[in-house]
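K.L.:
The sequence and its predicted three-dimensional model are supplied below.
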Amino acid sequence: MEQPARLQDRLYHDWMLPEETRSIRAEVRQFVDAEVLPVAGDLNTVQESTDAFPRALFKRMAEMQLFAVPFSSAESGRGLRYPLCASTVVMEELAYASDGLATIFDDHCVLPGVALLHGAEETRQRYLTRLIDGTAVACMAITEPDAGSDLRAETVTTRAELRGDHYVLNGHKRFITNAPVGDFMTTLCVLDGALSMVVGVFLAIGQWDLKRLLAYHSISQIGYVILGIGLGTPLGIMGGLFHLLNHSFFKSLLFLDSGAIEYATGTRDLREMGGLRSKMPVTSTTTLIASLSIAGIPPFNGFWSKLLIILAAVEAERYGYAFWAVLASILTLASFMKVMRYAFFGPLRAQWERVKEAPIFMQVSVSAFACLCVLGGLLLLPDIREPFLGLASNVLMRGTEYVQIMITEAR
């Protein structure tokens, strides 16, 4: 079967890389094509065990001095001028055929090697040479019960047990193995969230069509959700999910109220309205509640979820995003002050003298949503938060485990 083209060959050329790095790439690619690809299927599907470790390929990598790539000649390494660049290329080429083999390279020499370089001289002399020539197999594990790459104790169950003259590692640990990609995607999420917040609210302010105004505010409010989740912190994720729920409350209420106005007047143009408060008191009151909720005014539900997101941004030292979140909330308030001013306040126009309140079932619906907007902040009470928002946040925080469960169930 013909192998698909390597991603790096489709995206860029190596002309910007140093000559030594291009030479390393050619060397590793020849090894991968000749020796790794023919057994890649077995490497990528075999169940993890001691016997499944690819010792033959590991030995060949040692013979090719691939484990010496990250190190200087003083440490018996290759002494490359750009060792980090070369190490990245080695992992890139290995990962084309087997991400497991690339991880072996990383866990054997890159991560432990850097740790040893900064260790005691005795430890470095004892282990580094054996690591480079492949006579010993290095590995890494989290052994402290309260440590971990994502700083959450509940994801760490690995223990190192001393048995005779060696240690046995038992348990599991969820590592964030795609940290560079994950960091980029997090940045992309928070940037997209901030842009959605600000651009959406600016577009909304200039609208006179009530439903179009609400649609642009949906873009802005979902920006808060993306920002909170994109921060990747427990507080940010909880705030994002909470705001998603709150948005479903106050935005549903706003659209129902806009429908009631259009039902009664036959128009969605704010410039043609005015003074409807006296004729539609229930719609006016519930619209005011929804407007204060979406603008983040306490004690309504939107205030609490926006507060969590802003605090999460401050906690993550993303002060600029916290500022944009506050600014978007202020502009949202200005936009809905315009809605209230043109739709409900001011003198009643003669053409609306015979306007009546919305039908009773519509009044019941908007009143129910208004109650949710008023009482929504109670979801943050500890007894309610943990079994509700807490569980939902944990699903996202432990997303890889969820995916693994679903794949297992699918099989």
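P.N.:
Received it, and whenever you're ready, just let me know what you need. Numbers count the residues shown, from 1 in each chain.

K.L.:
Strands of the chain, residue ranges please.
P.N.:
Along the chain, counting by DSSP state E, strands occupy 159-163, 166-170.

K.L.:
mean pLDDT lowest for which of the ones you listed?
P.N.:
When the strands of the chain are compared by mean pLDDT, strand 166-170 comes last with a mean of 64.

K.L.:
R130 is in contact with T123, isn't it?
P.N.:
No - using Cβ atoms under 8 Å, R130 is not in contact with T123; the gap is 11.7 Å. C-beta here means a position set from N, CA and C on the backbone, and glycine is covered the same way.

K.L.:
So the chain: which segments form each domain?
P.N.:
7-139, 141-175, 179-410 (automatic domain parsing).

K.L.:
got any ranges where the stretch 101-250 of the chain has weak pLDDT?
P.N.:
111, 114-115, 118-119, 139-160, 166-189 (pLDDT under 70).

K.L.:
Just give me the longest helix of the protein.
P.N.:
As assigned by DSSP state H, the longest helix anywhere in the chain is helix 234-265.

K.L.:
Could I get the buried residue list for that helix?
P.N.:
Using 16 or more other Cβ atoms under 10 Å as the test for burial, helix 234-265 gives 234-247, 249-261, 264-265.

K.L.:
What of stretch 315-325?
P.N.:
A316, R318, Y321, A322, W324, A325.

K.L.:
One more: stretch 343-352?
P.N.:
Residues A343, F344, L348, W352 are the ones in stretch 343-352 that count as buried (16+ other Cβ under 10 Å).

K.L.:
Hmm, A313 and G240 touching each other?
P.N.:
No - when contacts are counted by Cβ under 8 Å, G240 is not listed as touching A313 (11.1 Å).

K.L.:
okay, and the common contacts of those two?
P.N.:
L227, L231 (Cβ atoms under 8 Å, 6 or more residues apart in numbering).

K.L.:
separation between the residue nearest to the spatial centre of the chain and I384?
P.N.:
Residue closest to the average C-alpha location in the chain (Cα atoms, centre = their mean): G230, at 4.0 Å. For G230, the distance to I384 equals 25 Å [Cβ to Cβ, to the nearest Å].

K.L.:
what's the answer for A392, then?
P.N.:
12 Å.

K.L.:
More neighbours: those two, which one.
P.N.:
Remark: of A392 and I384, A392 carries more neighbours, 16 against 12, as counted by other Cβ atoms under 10 Å.

K.L.:
separation between that one and F71?
P.N.:
46 Å.

K.L.:
hang on, the earlier thing: which elements pack onto the longest helix of the chain?
P.N.:
helix 210-231, helix 281-294, helix 301-315, helix 360-375, helix 391-397 (3 or more Cβ pairs under 8 Å, 6 or more residues apart in numbering; DSSP states H and E).

K.L.:
tell me the pLDDT at the residue of the chain positioned farthest from its centre?
P.N.:
Each residue of the chain has a distance to the centre, and by Cα atoms, centre = their mean the biggest one is for A350: 53.0 Å. At A350, the model reports a pLDDT of 84.

K.L.:
Check the one 4 residues further on too.
P.N.:
What the model reports as pLDDT for R354 is 87.

K.L.:
cool, and A34?
P.N.:
For A34, the model assigns a pLDDT of 90.

K.L.:
What of A392?
P.N.:
For A392, pLDDT reads 71.

K.L.:
ok, back up a step: want to throw the buried residues of stretch 315-325 into TSV with pLDDT?
P.N.:
Converted to TSV, the buried residues of stretch 315-325 look like this (pLDDT from 0 to 100):
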residue	pLDDT
A316	81
R318	84
Y321	89
A322	92
W324	93
A325	93
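
K.L.:
what two of those residues have the greatest distance between them?
P.N.:
The largest separation in these, counting by Cβ to Cβ, is between A316 and W324 at 13.9 Å.

K.L.:
Leaving out the residues flanking it, which one is nearest to S305?
P.N.:
Leaving out its chain neighbours, the residue that sits closest to S305 by Cβ to Cβ, 6 or more residues apart in numbering is H243, at 3.6 Å.

K.L.:
again, but for C109
P.N.:
F67 (4.4 Å).

K.L.:
surely the one you found meets K59?
P.N.:
No - if you go by Cβ under 8 Å, F67 and K59 don't touch, sitting 10.8 Å apart.

K.L.:
what is in contact with the two at once?
P.N.:
G134.

K.L.:
So which residues of the stretch 1-150 of the chain form helices?
P.N.:
7-11, 19-31, 40-45, 55-63, 83-97, 99-105, 111-117, 121-133 (DSSP state H, counting those that start in this stretch).

K.L.:
and of the ones you listed, who's closest to A194?
P.N.:
Going by Cβ to Cβ, the one of the helices of the stretch 1-150 of the chain nearest A194 is helix 7-11, 27.6 Å.

K.L.:
F67 and K59 - which one has more neighbours?
P.N.:
Shown here are F67 and K59; by other Cβ under 10 Å, F67 has more neighbours (24 against 12).

K.L.:
circling back: now tabulate the helices and strands packed on helix 234-265 in TSV and tack on distance to S23.
P.N.:
Below are the helices and strands packed on helix 234-265 laid out as TSV (distance: least, Cβ to Cβ, whole Å):
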stretch	distance to S23
helix 210-231	40
helix 281-294	60
helix 301-315	45
helix 360-375	65
helix 391-397	43
